[in-house]
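# Would you be able to build a 3D model of this:
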Amino acid sequence: MLNSEITKENLNKMVIIFYTKILKDEIVGPFFIEKLGDNLSNEKWVPHIELLTNFWASIALGDPTYKGRPFPPHADIANISRAAFTRWLELFSQTLDMVYVPQIAEQFKDRSSVIAGNFMRNLNI
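Next comes the predicted model:
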């Protein structure tokens, strides 16, 4: 059943489903595996999943838990490309359609497109 409201719990579910897809993807998976490994249960991924859940909770719910800066880690990724961002957005969109009703999914899709566009501009790609 698709979620018709946003909660921190279903945001966490969305993040886990999404990064499970990411790790299997030939285009974006290698970027994440290089930095965090290939197991979402490892000592690097667990805090990253929490960080990303808090990031989306800050955007969607105004939750004050997220204290990070999302752009700087992306500046350190060698060979990141527009194609990688495009694929990230495709996988994110697929995940949103699995977790949320269309109205909520579209809100996340719009926001993620803006974020990706800003990142690509900042990276000059």
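
# With adjacent residues omitted, what lies nearest to residue 42?
residue 36 (7.5 Å; CB to CB, 6 or more residues apart in numbering). Backbone N, C-alpha and C define where each C-beta goes, glycine included.

# Next, count neighbours for that neighbour.
20 (other CB atoms under 10 Å).

# helices or strands next to the one helix or strand in the chain whose mean pLDDT sits lowest in the packing?
Lowest by mean pLDDT, DSSP states H and E among the helices and strands of the chain is helix 72-75, with a mean of 88. If you count contacts as 3 or more CB pairs under 8 Å, 6 or more residues apart in numbering; DSSP states H and E, helix 72-75 packs onto helix 102-123.

# Now do the host helix or strand of residue 18: distance to the chain's middle.
Here residue 18 sits within helix 8-24, counting by DSSP states H and E. The chain centroid and the centroid of helix 8-24 are separated by 8 Å, computed with CA atoms, centre = their mean, to the nearest Å.

# Go ahead and name everything in contact with whatever helix or strand comes next after that helix.
The C-terminal neighbour of helix 8-24 among helices and strands, as given by DSSP H and E, is helix 29-36. The contact list for helix 29-36, computed with CB atoms under 8 Å, 6 or more residues apart in numbering, reads 19, 22, 23, 42, 44, 45, 48, 77, 80, 84.

# what's the spacing between the following helix or strand past helix 29-36 and its chain's center?
Per DSSP H and E, the first helix or strand lying C-terminal to helix 29-36 is helix 45-61. What separates the centre of helix 45-61 from the centre of its chain is 9 Å, taken as CA atoms, centre = their mean.

# next one: stretch 60-73
Worked out by CA atoms, centre = their mean, stretch 60-73 lies 12 Å from the chain centre.

# Please point out which parts of that stretch sit buried.
60, 66 (16 or more other CB atoms under 10 Å).

# which ones are touching residue 88?
22, 28, 116.

# Now with 7 Å, please.
With contacts defined as CB atoms under 7 Å, 6 or more residues apart in numbering, the neighbours of residue 88 are 28, 116.

# Helix or strand: which one has it?
Taking DSSP H and E as the criterion, residue 88 maps to helix 82-99.
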